[in-house]
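K.L.:
Here's my sequence, what's the structure:
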Amino acid sequence: MMTGQKNHVDVPLLFSALTLMALSLGVVYSASATWAMQKFGESEHLLNRHTLKILIGTAALFVGMKINYPVYRRLTKPVLMIAVVLLVATLITGGEVKGASRWLRMGSFSFQPSEFAKFALLFHLCTLIANKNDLVRDFRKGFLPMMIWVGIVSLLVMLQPNLSTAMMILILSLLVLLVGRARYSHLMLAFAALVPLLLLYIVSAEYRMRRLAGFLDGSEMSTRTNYQLLQGIIGFGNGGLFGVGPGESKQRDFFLPESYGDFVFSIVGEEYGFVGTMTFLALFVVIMIRGFKIAKFSQDGFGYYLAIAVTSAITLNAIVNAGVTLGVLPTTGLPMPFVSYGGSSIVSSAFAVGVVLNISAHTGLHPRAVKVPVLGMVDASGEEVESSGGVMFGKMH
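P.N.:
This next block holds a predicted model:
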């Protein structure tokens, strides 16, 4: 007799992630076609590479969705140690782009270990919080060991140098610790110690000071410093309500360099207008709402913290990227998840969302109707028999 029920994954979350990746194909192609033609002699060069990354990311999402999430509790520490080794290797042998060593190259293959390390750290923090329970509130036995991991990863990322990703790692880590019931006094102490260190780091490089001063100034004096930002904002202005149309961007051809990367949202605004940008942001809002709801109904502490950590990482990254392209935040190098050109971010984010989808399958939020034998039917001889014609529906929460 069949007694159990098998749950569906969260369809709105799955749909939103896959839709963003699918939409990114058209946006990245439009943003990169002219530049790719000039550099490689074919307008589809970056589109082909981006398509491959989307396919790998989609596969990673389904892999994360199929593996039962409790398995990761045994793996987070060794995986985080591997991530730290990769960060060190990047500093020693990584490929330098625009003065920063952020890429680890293996032949024709390259990736950013910082994206992998960000999620590896979050997964391990969730494991530690779930394992330690009330010890999280103990500074020496709970809070300090976790902050040591946060400090190691953040420092290695800052040395690349990559301030924006390091700050995102710090913010997300403190957020997870806050949700994990760490003492407010411990969090405030960590914050008070980090602020002066970050300020010293910022003033230690002239280009970081120029970028910050240019953002705070906002006048014509800062046009050279904020050139990419100003051109991105012009793109939004050109788009208006409905945009100039797919493939009709002027900014990508003449004014906005490498618009297929961190500033791809500006191309969305120019070609698809206010309606297009709101559509993209609405998909991230769906990811946020569904991710937090999955956390609420998760069956254990680890699933709860993990769903919150991944959801926060995806949505906060999207918010910061949108804020930068709109001029609300200082220029950073953070991509828009699932949309910007770049395989490391796409694959890492897709796998992490797949894990949240696996958590959703254990919540009972989306039970699947299953056929079960029905007892009580009697045959001609008077014997009770089973019938498989009955249907049982799992109870919705």
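K.L.:
Run through the helices of the stretch 101-250 of the chain in chain order.
P.N.:
113-132, 144-158, 163-179, 184-203, 206-217, 227-239 (DSSP state H, counting those that start in this stretch).
K.L.:
Any regions of the chain where pLDDT drops low?
P.N.:
1-7, 94-101, 107-108, 214-226, 254, 367-397 (pLDDT under 70).
K.L.:
Might one say that Pro70 is in contact with Gly301?
P.N.:
No. Pro70 is beyond contact range of Gly301, at 11.2 Å (criterion: Cβ atoms under 8 Å). For the C-beta atoms, the positions are set from N, CA and C on the backbone; glycine is no exception.
K.L.:
could you say what helices and strands the lengthiest helix in the chain packs with?
P.N.:
The longest helix of the chain (DSSP state H) is helix 264-296. Applying 3 or more Cβ pairs under 8 Å, 6 or more residues apart in numbering; DSSP states H and E, we find helix 264-296 packed against helix 11-40, helix 227-239, helix 251-254, helix 301-325, helix 343-360.
K.L.:
what angle sits between it and helix 163-179?
P.N.:
20 degrees (axes from the mean of the first three to the mean of the last three Cα atoms, to 10 degrees).
K.L.:
quick one: buried residues of helix 264-296?
P.N.:
By 16 or more other Cβ atoms under 10 Å, the buried positions in helix 264-296 come out as 264-273, 276-277, 280-281, 283-284, 286-288, 290-291, 293-295.
K.L.:
Restricting to C-alpha, output stretch 61-69 in CSV.
P.N.:
Presented in CSV, the C-alpha positions along stretch 61-69 are these (Å, rounded to 0.1, in the frame of the first residue of the first chain):
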residue,chain,number,x,y,z
LEU,A,61,20.4,24.3,-11.1
PHE,A,62,18.9,20.9,-11.7
VAL,A,63,21.8,19.1,-10.0
GLY,A,64,21.3,21.3,-6.9
MET,A,65,17.6,20.6,-7.1
LYS,A,66,18.0,16.8,-7.2
ILE,A,67,20.5,16.4,-4.3
ASN,A,68,18.9,16.3,-0.9
TYR,A,69,20.1,19.4,0.9
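K.L.:
So which residues make contact with it?
P.N.:
Stretch 61-69 has contacts (Cβ atoms under 8 Å, 6 or more residues apart in numbering) with 9, 14, 17-18, 302-303, 306, 350-355, 357-359, 361-362.
K.L.:
Give me the distance from that stretch to the chain's centre.
P.N.:
Stretch 61-69 sits 16 Å away from the centroid of its parent chain (Cα atoms, centre = their mean, to the nearest Å).
K.L.:
now swap in stretch 343-358 and tell me
P.N.:
7 Å.
K.L.:
can you check stretch 307-320 too?
P.N.:
With Cα atoms, centre = their mean, you get 6 Å for stretch 307-320.
K.L.:
now stretch 80-95
P.N.:
Computed by Cα atoms, centre = their mean, the chain-centroid distance of stretch 80-95 equals 20 Å.
K.L.:
can you pull the buried residues of it?
P.N.:
In stretch 80-95, counting by 16+ other Cβ under 10 Å, buried: Leu80, Ala83, Val84, Leu86, Leu87, Thr90, Gly94.
K.L.:
Among those residues, which are located in helices?
P.N.:
Leu80, Ala83, Val84, Leu86, Leu87, Thr90.
K.L.:
Can you tell me which of these comes closest to Val195?
P.N.:
Nearest to Val195 among these is Leu87, at 23.3 Å by Cβ to Cβ.
K.L.:
wait, the closest one sits on Ser154?
P.N.:
No. Leu87 lies out of contact with Ser154 (Cβ under 8 Å); the separation is 10.2 Å.
K.L.:
Gly343 versus the nearest residue to Ile267 once chain neighbours are set aside, what's the distance?
P.N.:
Of all residues not flanking Ile267 in the chain, Ala31 sits nearest, at 4.5 Å (Cβ to Cβ, 6 or more residues apart in numbering). Ala31 sits 16 Å away from Gly343, going by Cβ to Cβ, to the nearest Å.
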